[in-house]
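>>> could you work out the structure for the sequence below:
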Amino acid sequence: MELGADHADTLGGINNLVSTYLNQGRLEEAEQLFRQIIETRKTTLGIEHPNTLTSINNFRVDIIESGPVRGGGAA
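This is a model prediction of the structure:
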């Protein structure tokens, strides 16, 4: 069975990769993937869905508060 890019399991796997990147100090790569997750969840679930809001909060805590964000601004 093939899962699509917007499937919850796919996004969960990408989120796990984000965690790995954060643990390795690879903030730029983690930021790019976080933005991908947030945009996909906004599109598929809506901005007010709990999973979307959780992703936005995680981005804020893990990326914005951890160091400089290249390209500036929140998601």
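>>> roughly how far apart are Thr6 and Thr52?
You called it Thr, but residue 6 is Asp. Separation of Asp6 from Thr52 (CB to CB, to the nearest Å): 12 Å. Where C-beta positions appear, they are placed from N, C-alpha and C, glycine not excepted.
>>> more crowded one of the two?
Remark: of Asp6 and Thr52, Thr52 carries more neighbours, 21 against 13, as counted by other CB atoms under 10 Å.
>>> where does this structure have low pLDDT?
Filtered on pLDDT under 70, the chain yields the residue ranges 67-75.
>>> run the last query once more with 80
Counting by pLDDT under 80, the ranges of the chain that qualify are 1, 65-75.
>>> helices along that one, start to end?
Ranges of helices within the chain are 8-23, 27-45, 50-59, based on DSSP state H.
>>> among those, which is the most enclosed?
helix 27-45 (a mean of 18; mean count of other CB atoms under 10 Å).
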